[in-house]
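Enquirer: Got a sequence here, can you build the structure:
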Amino acid sequence: MNTSTMELEQHLESVRTELASIKKQLQKAPQGSLHVRKGKETFKYFQIVSEHNNVQRIYIRKDNIPLAFSLAKKRYNKLRLQELQQEASLLQHQLKDHQNHTVTSKDVLYNLPGYSDLLLPVIAPELQRTKDWLSIPYEQNGKYHTNLKFKTASGIIVRSKSESLIVSCLEKHNIPFRYECPLELNGRIIYPDFTIYQAKKDCEIYWEHFGRADDPDYRDNLTFKLSNYLKHQLIPNDNLILTYETKEHPLTEDMIERIICAFVQE
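Expert: Predicted coordinates for the structure are as follows:
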């Protein structure tokens with residue numbers, strides 16, 4: 001609760017700082033507004049000035065483009081000013097709600113520093129185990145960095161659209177996971193696509209996605225990986241999830257959801 005209040009106060013302060021800056025800019029802005037007209041090859045700019053019900057449209061020459069910029073910035077600043085004023089008002093209401101907020105058992109369990117450290121391991125041990133597991137640093141697979149091309153909504157960069165879909169579904173269901181985390185099998189380091197933590201069982205399961213199952217060369221690698229997993233007691237549909245796709249049969253979000261419901265969700 002305290003952290004949220006502090007973040008709201010910091011956000012409000014940054015909004016107020018920007019508001020003050022924009023108000024100063026508007027005070028120095030040129031008179032009138034900007035009118036833009038498309039010409040044959042470029043745009044033409046006009047300054048619209050209204051005084052005593054008399055409206056003038058003054059052509060802005062090329063050597064006076066800074067005036068056009070200042071008028072364009074003036075319009076932007078006016079709109080931004082309205083948005084910031086609304087945002088500041090909303091933040092003030094949120095802060096008021098936080099200040100009037102009555103402390104609940106959830107606050108004590110999850111949000112109050114010191115209390116959480118004492119209570120979580122006893123009252124919510126699974127959550128504590130998950131937090132501990134997620135806090136352990138690891139070195140992601142350092143090979144083939146150029147193949148990391150797809151950025152997910154949470155900022156994780158993966159190698160394919162299908163892996164991006166898997167990340168989105170795991171996050172939607174609040175399932176703790178690591179991407180390309182090292183796993184040692186009999187002295188050899190491999191990198192499963194996903195390592196998933198199941199707090200109730202206090203164990204890890206692994207998810208390998210084979211994205212080119214119709215490629216003969218790729219299938220050789222697929223077979224080697226699978227045999228290596230089986231050799232080390234990593235069993236499909238038990239502690240190992242395997243998904244496949246071809247050009248004609250891509251992996252879909254619906255498939256991923258069904259797999260998560262069947263094998264991952266606790």
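Enquirer: alpha carbons only for contacts and neighbour counts from here, please
Expert: Fine.
Enquirer: Just the C-alpha atoms of stretch 205-220, please, in PDB.
Expert: Extracted C-alpha coordinates of stretch 205-220, given in PDB (Å, rounded to 0.1, in the frame of the first residue of the first chain):
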ATOM      1  CA  ILE A 205       8.500 -28.800 -15.800                       C
ATOM      2  CA  TYR A 206       9.900 -28.100 -19.200                       C
ATOM      3  CA  TRP A 207       8.300 -27.000 -22.400                       C
ATOM      4  CA  GLU A 208       9.900 -27.500 -25.800                       C
ATOM      5  CA  HIS A 209       8.300 -26.100 -28.900                       C
ATOM      6  CA  PHE A 210       9.400 -27.500 -32.300                       C
ATOM      7  CA  GLY A 211       8.500 -24.900 -34.900                       C
ATOM      8  CA  ARG A 212       9.700 -26.700 -38.100                       C
ATOM      9  CA  ALA A 213       8.500 -30.200 -37.600                       C
ATOM     10  CA  ASP A 214       8.100 -30.600 -41.400                       C
ATOM     11  CA  ASP A 215      11.800 -29.800 -42.100                       C
ATOM     12  CA  PRO A 216      13.800 -33.100 -42.400                       C
ATOM     13  CA  ASP A 217      17.000 -31.500 -41.000                       C
ATOM     14  CA  TYR A 218      15.100 -30.000 -38.100                       C
ATOM     15  CA  ARG A 219      13.500 -33.400 -37.400                       C
ATOM     16  CA  ASP A 220      16.900 -34.900 -36.700                       C
END
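Enquirer: Quick one: mean pLDDT for it?
Expert: The average pLDDT within stretch 205-220 is 86.
Enquirer: Can you give the contact residues for that stretch?
Expert: Stretch 205-220 is contacted by residues 162-163, 192-198, 222, 238-247 when judged by CA atoms under 8 Å, 6 or more residues apart in numbering.
Enquirer: in the chain, which residue is closest to the centre?
Expert: Ser154 (2.8 Å; CA atoms, centre = their mean).
Enquirer: Now, the contacts of stretch 205-220 that are in helices?
Expert: Ser162, Glu163, Leu222 (DSSP state H).
Enquirer: Now do the SS call for Arg212.
Expert: The three-state assignment at Arg212 reads coil, by DSSP: H, G, I helix; E, B strand; the rest coil.
Enquirer: how near is it to Leu90?
Expert: Distance from Arg212 to Leu90, counting by CA to CA, to the nearest Å: 49 Å.
Enquirer: returning to what we had before: quick one, phi/psi of the residue nearest to the centre of the chain?
Expert: phi -90, psi 0 (degrees, to the nearest 10).
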